[in-house]
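> I'll drop the sequence and a predicted model, then ask my questions.
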Protein chains: 2
Amino acid sequence: MPADLGPEKARKPRADAERNRQKLLNAARAAFTAQGGLVSMEEVARTAGVGIGTLYRHFPTRDGLLVEVYRGEIARLCQEAELLAATKTPLEALRAWLLLFVDHLADNIVLGDAVKATAGESKADATAQLLTALDILMDNPIAVGAMPDPGVESLDLLRALYGVATASPSSNWVGAARRMVDILIAGMDSRETSPNSA
Amino acid sequence: MPADLGPEKARKPRADAERNRQKLLNAARAAFTAQGGLVSMEEVARTAGVGIGTLYRHFPTRDGLLVEVYRGEIARLCQEAELLAATKTPLEALRAWLLLFVDHLADNIVLGDAVKATAGESKADATAQLLTALDILMDNPIAVGAMPDPGVESLDLLRALYGVATASPSSNWVGAARRMVDILIAGMDSRETSPNSA
DNA sequence: TTGATAAACGGAGGGTCCCTCCATATTTAA
DNA sequence: TTAAATATGGAGGGACCCTCCGTTTATCAA
């Protein structure tokens, strides 16, 4: 009697279901990162090689599918944060990760745009995960005295970079975003008290 | 054959056409600022009290209408920039205008989101206008030596603020955006050379 | 191996929205 | 007042969203 919540006579989940779910996720990731929120569900289903009905059973809402793809990307970023926190000095880790975040945006602009338009709770979960990872990176330099408390929420740093990244895909925004990382770090590092923080 | 460009026998534009155009713009502004890009064209036409065909003659594409509303808002911001440049010291004018920009975002989040998803050339025009106004505000403090050249494009400042503003409508982002203005100003004001600007 | 049955599949179809087209109505100019 | 130019509005073709349900397939018990 292995389980207390025991689905006493639970069947094993069907293999084809899980297979199709993966095919759908892969097709969706490709489509969303390439075209953003514009892709039709029909096209995702066709690319995945399943019927539209199958798509909707696995992901009842369009946003659900979008967020699921998004969560995968976030998980990757969180792992990278842990790695950096373990291998670099606090301030360097923060800066390195912000630069990584810029690179990540470069691969996922349209996906991010599409996700931003959704309002699901799973999205909030994923974002919270990201925030937790970043908080560690920000708290460390403050704790060891490498940086004063800047008075902004950590997530706002990401939002600032996100804004730089998304506003104009045509120009060389990656360079601008990298310089912005340094401006932010320098601005946070500055000990001058500014009027708004009063 | 009097004129090459000559509208020798041009009729006076019809009064009802201009009237309907205004009604459409007003209805569109109200709808877009309230609901963003989700509004249906049918609803805009209905609110304006005209037929759907009339809407499409005046604004052949959905984006055209969106951008037209956007241009009105931009024009207002540009006027404010001129006023500030004329009445404040350079660095103060820059800071004050950035704070104004944050307020502007507070009133137009969804509109901005919708506009960002478009790619028209009129949108580029309007954005260029805004950029010109901001460039003056940024060049002034540099010219008088109140601030070193920060090495970022002026528009990137707006993008950074935009990112902070749009990412999470529920929390108190206005405060965060205002603090971000000071971080940016402090960061640009810092004379330390950072690795990425090399 | 072979049924029985729970679970998954796929696509037809109802509803909404986008935009075009053109017969009708209104405005301007003679 | 009348003719020509211009504007109006809504029916309708096409795309897409999502639901529903008859058919197919995988699992499990005998």
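Good, I have the coordinates.
> Next up, the contacts around residue A:27.
By C-beta atoms under 8 Å, 6 or more residues apart in numbering or on different chains, the contact list for residue A:27 reads A:44-45, A:47-48. All C-beta atoms are positioned from the backbone trio N, CA, C, and that covers glycine.
> Most neighbours out of those, which is it?
Counting neighbours by other C-beta atoms under 10 Å in any protein chain shown, residue A:44 leads the contacts of residue A:27 with 25 neighbours.
> Give the rounded mean pLDDT of stretch A:116-136.
For stretch A:116-136, mean pLDDT rounds to 77.
> returning to what we had before: which members of the contacts of residue A:27 occur in helices, if any?
A:44-45, A:47-48 (DSSP state H).
> so which of those comes closest to DNA strand C?
Of all these, DNA strand C sits closest to residue A:45, with 7.6 Å by C-beta to the nearest atom of the strand.
> Tell me which residue in chain A sits closest to chain B.
Using C-beta to the nearest C-beta, the closest approach of chain A to chain B is made by residue A:163 at 2.3 Å.
> From what I see, that residue and residue B:159 are in contact.
Yes: counting by C-beta atoms under 8 Å, residue B:159 is a contact partner of residue A:163 at 4.1 Å.
> on that earlier part again, please give me every residue in contact with the residue of chain A closest to chain B.
By C-beta under 8 Å, 6+ apart, the neighbours of residue A:163 are B:158-166.
> could you give the mean pLDDT of stretch A:93-108?
So the average pLDDT for stretch A:93-108 ends up being 84.
> that older thread, how about the residue of chain A closest to chain B: what's its closest non-neighbour residue?
Nearest non-adjacent residue to residue A:163, counting by C-beta to C-beta, 6 or more residues apart in numbering or on different chains: residue B:163, 2.3 Å away.
> And that neighbour, how close does it get to residue B:113?
12 Å (C-beta to C-beta, to the nearest Å).
> ok, back up a step: taking the contacts of residue A:163, please make a PyMOL selection of just the buried ones.
Buried residues among those (16 or more other C-beta atoms under 10 Å in any protein chain shown), as a PyMOL selection:
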select buried, chain B and resi 158+159+160+161+162+163+164+165+166
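> Out of the contacts of residue A:163, which comes closest to DNA strand C?
residue B:166 (21.6 Å).
> which ones are touching the most centrally placed residue in chain A?
By C-alpha atoms, centre = their mean, chain A has its centre lying nearest to residue A:74, at 3.5 Å. Applying C-beta under 8 Å, 6+ apart to residue A:74 gives the contacts A:126-127, A:129-130.
> who's in contact with the residue lying closest to it once chain neighbours are set aside?
In space, residue A:74 comes closest to residue A:126 once its chain neighbours are excluded; the distance is 4.5 Å by C-beta to C-beta, 6+ apart. Residues near residue A:126 by C-beta under 8 Å, 6+ apart: A:67, A:70-71, A:74.
> Take the contacts of residue A:74 and lay them out in a markdown table including secondary structure and distance to DNA strand C.
Listed next are the contacts of residue A:74 as a markdown table, based on DSSP: H, G, I helix; E, B strand; the rest coil; distance: C-beta to the nearest atom of the strand, whole Å:
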| residue | secondary structure | distance to DNA strand C |
| --- | --- | --- |
| A:126 | helix | 24 |
| A:127 | helix | 29 |
| A:129 | helix | 27 |
| A:130 | helix | 30 |
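> Domains of chain A: list them as residue ranges, please.
Following the assignment in automatic domain parsing, chain A carries domains at A:1-60, A:70-197.
> Run the chain-centre distance for the longest helix anywhere in chain A.
Counting residues, the longest helix in chain A under DSSP H turns out to be helix A:62-87. Its chain's average C-alpha position is 5 Å from that of helix A:62-87, according to C-alpha atoms, centre = their mean, to the nearest Å.
> can you list the residues of chain A near DNA strand C?
With C-beta under 7 Å from any atom of the strand as the criterion, chain A meets DNA strand C at residues A:11, A:13-14, A:16-17, A:19-20, A:49-54, A:56-58.
> out of those residues, who's near chain B?
Residues of the residues of chain A next to DNA strand C in contact with chain B (C-beta under 8 Å from any C-beta of the partner chain): none.
> Kindly give a single ChimeraX line that selects the buried subset of those.
In ChimeraX, a selection of the buried entries from these looks like this (16+ other C-beta under 10 Å):
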select /A:20,50,54,58
